[in-house]
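[1] Build me a model from this:
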Amino acid sequence: MILTVTPNPAEDLTWHLAELRPGETHRVPTGVSRAGGKGLNVARVLVAEGHEVLALTTAGGAAGERLAADLDESGIPHRLVPVAGETRRSLALVDESSGDTTILNEHGAPLRDDEAGALLAEAARLGRRADVVVVSGSLPPGFGPDELARLVAELVAAGTPVVVDTSGPGLLASARAGATVLKPNRDELAEVTGHADPVAGARVLLEAGARLVLVSLGTEGLLVLSHADETGVRARLPRPLHGNATGAGDAAVAAIAAALAETPSLVDDPDVEGVAARAVLARRATAWSASAVLMPLAGALSPEHARLETEVIVTRHPDASDPEPTTAPANETPRTTA
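    Residues are numbered from 1 along each chain as shown. Below you'll find the model as predicted:
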């Protein structure tokens with residue numbers, strides 16, 4: 001079972017416009033409301049791909065009721081921690097003419113001490129029974145980097161792999177707590193480490209204690225570095241795809257969680273099989289991320305994701321001492337470890 005933890009969920013509201021003209025009035029088709037937040041998007045992708053998932057999050061107020069109703073309707077197994085504050089909203093405006101998406105994210109309501117404690121305790125309890133735990137998204141006031149690091153350290157000590165996708169101080173705190181995988185994007189990584197070069201930034205997180213770092217590079221694909229192989233691999237599609245990029249990173253995290261559930265050794269194995277497994281991960285994460293861009297709403301993969309996976313180019317990172325490409329076969333999948 002894969003547990004996703006979303007400390008700061010949102011009611012996602014999405015509108016598609018023929019063209020976004022700032023300062024003007026627009027008449028648009030009816031928008032869509034659904035349960036959102038990065039961890040819930042990850043859960044939605046994994047459920048659609050046939051994985052056993054449990055989504056843990058908070059819910060409060062009228063928006064929280066709508067979030068809960070959508071999770072029920074979507075068939076996503078979930079546990080909700082009731083909170084007094086209103087669940088925040090996130091607004092996405094998709095400009096069909098340019099392919100750009102403008103996002104307005106409300107700040108999350110603060111969690112009281114008892115609410116943060118309940119979320120932390122439930123995540124630890126459920127996480128000890130999970131194959132993989134994913135903690136995704138921003139952190140609301142009251143559940144900060146210290147609480148996140150405590151959860152990561154407790155689960156790692158219990159032998160549960162933990163994937164963290166957050167930003168700011170929480171990213172570095174998760175590395176220091178020994179997170180199994182971190183998934184920053186280029187800007188988040190530069191903000192935390194001070195390095196514009198993603199390779200240098202990823203190595204800072206590895207030195208801090210993370211075991212594997214996957215960096216999203218937008219249309220340039222992604223980079224995977226680990227303690228087992230700090231040379232790492234790069235993966236990219238031969239052409240950029242245009243659409244709604246709001247769920248692209250979440251799809252990549254879903255690919256990471258699925259790969260870890262299937263092949264836990266992929267993070268630490270320094271041998272040829274480990275290198276191949278990480279190349280497969282890079283290929284799949286790139287394809288899933290790219291296919292999510294083609295979908296109108298976050299939390300879904302395009303039916304094209306399997307075909308896109310065959311197009312992904314995976315090579316050893318250019319900084320490698322061995323310049324020969326290490327490209328995993330397109331149809332290779334990680335071996336299951338008992």
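[2] how about the strands in the chain?
    Remark: strands assigned in the chain by DSSP state E are 2-6, 10-17, 32-36, 53-59, 78-82, 88-95, 101-105, 132-136, 162-165, 181-182, 212-216, 222-226, 229-236, 313-316.
[3] tell me the contacts of the nearest residue to L155 once chain neighbours are set aside?
    Leaving aside its sequence neighbours, L155 sits nearest to G127 (CB to CB, 6 or more residues apart in numbering; 4.6 Å). Yep, even glycine has a C-beta here, placed from its N, CA and C like the rest. Shown in contact with G127 (CB atoms under 8 Å, 6 or more residues apart in numbering): L3, V5, V133, L151, E154, L155, A158, T160, V162.
[4] Same check on E188?
    E188 makes contacts with S167, G168, L171, as judged by CB under 8 Å, 6+ apart.
[5] my guess is A245 contacts V293, does it?
    Yes - counting by CB atoms under 8 Å, V293 is a contact partner of A245 at 5.2 Å.
[6] for the chain, what are the low-confidence residue spans?
    230, 244, 317-338 (pLDDT under 70).
[7] and the longest helix along it, what other elements does it pack with?
    If you go by DSSP state H, the chain has its longest helix at helix 272-293. Judged by 3 or more CB pairs under 8 Å, 6 or more residues apart in numbering; DSSP states H and E, helix 272-293 is in contact with strand 212-216, strand 222-226, strand 229-236, helix 248-262, helix 305-311, strand 313-316.
[8] The ones you listed: which one's closest to H16?
    H16 lies closest to helix 248-262 among those, at 17.0 Å (CB to CB).
[9] so how far is A177 from A261?
    Distance of A261 to A177, given as CB to CB, to the nearest Å: 21 Å.
[10] and if you look at G247?
    Distance, G247 to A177, using CB to CB: 26 Å.
[11] neighbour-wise, which of these two wins?
    G247 (28 against 24; other CB atoms under 10 Å).
[12] I figured that one hits L301, correct?
    No - applying CB under 8 Å as the test, G247 and L301 come out as separate, 9.0 Å apart.
[13] what residues are shared contacts of these two?
    V45, A292, M295.
[14] need those residues in a markdown table with neighbour count, can you?
    Formatted as a markdown table, these follow (neighbours: other CB atoms under 10 Å):
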| residue | neighbour count |
| --- | --- |
| V45 | 29 |
| A292 | 29 |
| M295 | 20 |
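[15] any chance of those residues in TSV, with distance to E122 too?
    Formatted as TSV, the shared contacts of G247 and L301 follow (distance: CB to CB, whole Å):
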residue	distance to E122
V45	22
A292	28
M295	30
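[16] can I get the strands of the chain in a markdown table with distance to V275?
    Shown next, in a markdown table, are those (distance: least, CB to CB, whole Å):
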| stretch | distance to V275 |
| --- | --- |
| strand 2-6 | 24 |
| strand 10-17 | 37 |
| strand 32-36 | 36 |
| strand 53-59 | 28 |
| strand 78-82 | 36 |
| strand 88-95 | 38 |
| strand 101-105 | 35 |
| strand 132-136 | 21 |
| strand 162-165 | 20 |
| strand 181-182 | 16 |
| strand 212-216 | 12 |
| strand 222-226 | 10 |
| strand 229-236 | 6 |
| strand 313-316 | 9 |
